[in-house]
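> here is a sequence with its predicted model. Questions after.
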Number of protein chains: 2
Amino acid sequence: MTQSYHHGALRQALLDAAETILDRDGIEALTLRAAAREAGVSHGAPAHHFRDITGLLTELAAMGFLRLRDALQEASDETDDPAGYVPALGRAYVGFARAHPGIFLLMFRSERLDWSAPSLDLAGPAAFAFLLKEERGDDVAGYAADMPDLVRATTRWSLVHGLATLVVDGRLSAMTQMIPHADLDVLIETVLAKGLAP
Amino acid sequence: MTQSYHHGALRQALLDAAETILDRDGIEALTLRAAAREAGVSHGAPAHHFRDITGLLTELAAMGFLRLRDALQEASDETDDPAGYVPALGRAYVGFARAHPGIFLLMFRSERLDWSAPSLDLAGPAAFAFLLKEERGDDVAGYAADMPDLVRATTRWSLVHGLATLVVDGRLSAMTQMIPHADLDVLIETVLAKGLAP
DNA sequence: GAGACTATCTTGACGGTGTCTAGATTGATG
DNA sequence: CATCAATCTAGACACCGTCAAGATAGTCTC
């Protein structure tokens, strides 16, 4: 807390402030001025660290993709059974979305992101690379995927991403409420276990 | 074209104007004032037909869900082979999203919609009901689904919705561009055919 | 048909937003 | 120590959603 005219680490402070707002007040409340207020600086300060609101959201989304990659990596490391590898990744994916709905929604709000920005262009594919290979331990970097691989990966990704999106948007709980004795957690787990079985 | 003070059918005109903006300029440009401008009325006029911007977007989304239901119904009617029924629905779902990306994205922008509004509360489930039963011809209204049904429906819905979302957001084409000879249309078709096989 | 009523639409205002500019402050460089 | 560039503030602008007050016109009653 330097109280000085120059903040010193405003860029990271703005990202932290933005995430705080995202978690606390939702994606609607996440504005450039709100982030500046949260960080205790004037409304014009962010311009020196992010070109515009898209720049801030893009960096935040890139951060999210790195965390998603870490979550998938962790799930990958903790899985012993090769047959349970893909379902474990799915659980981690959906779990990430449910634990951080704000940043997950932001990560796929493409009209407010700049996918040509280097940080996002690197962080995005890094997270998805996990879905390409079935057996864990294979290094995905430099792996030359063919069409069947791409089909398998896309199928998995679609299932997992669709499930996560529907849950976070509240569409799935709206569905389970129409059916007695339907539990959301059980439904998610069953869909992942059966839908991602080898 | 009455040119009079009273429009006469402003409510529908505003919905049409909103859809025009959505298709032409994207979801970012769709504002209440822009819709009023497009319809040729003052910025305060919409308030008498929609409570607020959420009201307009909710009605527009409800319209989208009705059209999605019609598209699924049409695909259902045109399918002769029972085995190809579910993939046909999937093709219709993804096709709808690709043909009308703006309204599709809006339909699942839950933070700007009011799902407690009667129109949306009716139109939403009406579209999804198609995914509940496998054999076509069954009346889905009043059908008492059990847990295995819900699991099957959710699995299909997740796969199809995830695929549509990833395509519309541009994530999938970013992936195919990294792999030589990968065609987006072929990929989508293959994922649908293999992933939704009975 | 005339008057009253009500729904519809316009206009202006308010606080909020993103972005631009000019100016103040400060750390770093030579 | 002087200069300079980077950082931050403050003010302005156009746009946004929403509210209140007033103008207009269709409708209903007598």
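Done, it's in.

> all helices for chain A, in order.
Secondary structure of chain A (DSSP state H): helices at A:10-25, A:32-39, A:53-78, A:85-99, A:101-107, A:118-128, A:147-168, A:171-176, A:184-195.

> would you map out the domains in chain A?
Domain segmentation of chain A under automatic domain parsing yields A:1-49, A:51-195.

> now the residue of chain A found nearest chain B: how far from DNA strand C?
Using CB to the nearest CB, the closest approach of chain A to chain B is made by A:Gly162 at 2.5 Å. Glycine gets a C-beta too; all of them are placed from N, C-alpha and C. The spacing between A:Gly162 and DNA strand C, counted by CB to the nearest atom of the strand, to the nearest Å, is 30 Å.

> how many residues are close by that residue?
Using other CB atoms under 10 Å in any protein chain shown, A:Gly162 has 25 neighbouring residues.

> surely A:Leu196 touches A:Val160?
Yes - counting by CB atoms under 8 Å, A:Val160 is a contact partner of A:Leu196 at 7.5 Å.

> averaging pLDDT per element, find the lowest-scoring helix or strand in chain A.
When each helix and strand of chain A is scored by mean pLDDT, DSSP states H and E, helix A:171-176 comes last, with a mean of 91.

> what packs against that helix?
Packed against helix A:171-176 by the contact rule (3 or more CB pairs under 8 Å, 6 or more residues apart in numbering or on different chains; DSSP states H and E) you find helix A:147-168, helix A:184-195, helix B:118-128, helix B:147-168.

> to A:Ala83, which of those helices lies closest?
Of all these, helix A:184-195 sits nearest to A:Ala83, with 10.9 Å by CB to CB.

> now do the buried residues in the closest one.
By 16 or more other CB atoms under 10 Å in any protein chain shown, the buried positions in helix A:184-195 come out as A:187-188, A:190-192, A:195.

> dump those residues into a markdown table; add pLDDT and distance to DNA strand C as well.
Formatted as a markdown table, those follow (pLDDT from 0 to 100; distance: CB to the nearest atom of the strand, whole Å):
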| residue | pLDDT | distance to DNA strand C |
| --- | --- | --- |
| A:Leu187 | 96 | 37 |
| A:Ile188 | 98 | 34 |
| A:Thr190 | 97 | 41 |
| A:Val191 | 97 | 37 |
| A:Leu192 | 97 | 36 |
| A:Gly195 | 96 | 38 |
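
> quick one on the thing from earlier: what would the helices of chain A look like in a markdown table with distance to DNA strand D?
As requested, the helices of chain A are exported to a markdown table (distance: least, CB to the nearest atom of the strand, whole Å):
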| stretch | distance to DNA strand D |
| --- | --- |
| helix A:10-25 | 4 |
| helix A:32-39 | 7 |
| helix A:53-78 | 13 |
| helix A:85-99 | 28 |
| helix A:101-107 | 20 |
| helix A:118-128 | 17 |
| helix A:147-168 | 23 |
| helix A:171-176 | 23 |
| helix A:184-195 | 30 |
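
> for those helices, which one sits closest to B:Gln12?
Set against B:Gln12 and scored by CB to CB, the helices of chain A come closest in helix A:171-176, at 27.2 Å.

> report the buried residues of the closest one.
Residues of helix A:171-176 classed as buried: A:171-172, A:174-176 (neighbour count, 16+ other CB under 10 Å).

> tell me the confidence at the most centrally placed residue in chain A?
With distances taken as CA atoms, centre = their mean, A:Phe104 lies nearest the centre of chain A, 4.1 Å away. A:Phe104 carries a pLDDT value of 98.

> verify the stated contact: it with A:Val168.
Yes - A:Phe104 is in contact with A:Val168 according to CB under 8 Å; the separation is 6.0 Å.

> shared neighbours of the two, which are they?
Residues touching both A:Phe104 and A:Val168 (CB atoms under 8 Å, 6 or more residues apart in numbering or on different chains): A:Ala97.

> need the contact list for A:Ala153.
Counting by CB under 8 Å, 6+ apart, A:Ala153 touches A:128, A:131-132, A:145.

> ok, A:Pro46 - contacts?
A:10, A:14, A:32, A:35-36, A:56.

> how close does the residue nearest to A:Ser110 when sequence neighbours are not counted sit to A:Thr154?
With CB to CB, 6 or more residues apart in numbering or on different chains as the criterion, A:Ser110 has its nearest non-adjacent residue at 4.4 Å, and that residue is B:Asp169. Look at B:Asp169 and A:Thr154: by CB to CB, to the nearest Å, they are 14 Å apart.

> which one of these two is surrounded by more residues?
Set side by side, B:Asp169 and A:Thr154 show more neighbours around A:Thr154, with 28 against 20, by other CB under 10 Å.

> the more buried one contacts B:Leu187, doesn't it?
Yes - the criterion here is CB under 8 Å, and A:Thr154 meets it with B:Leu187 at 6.1 Å.
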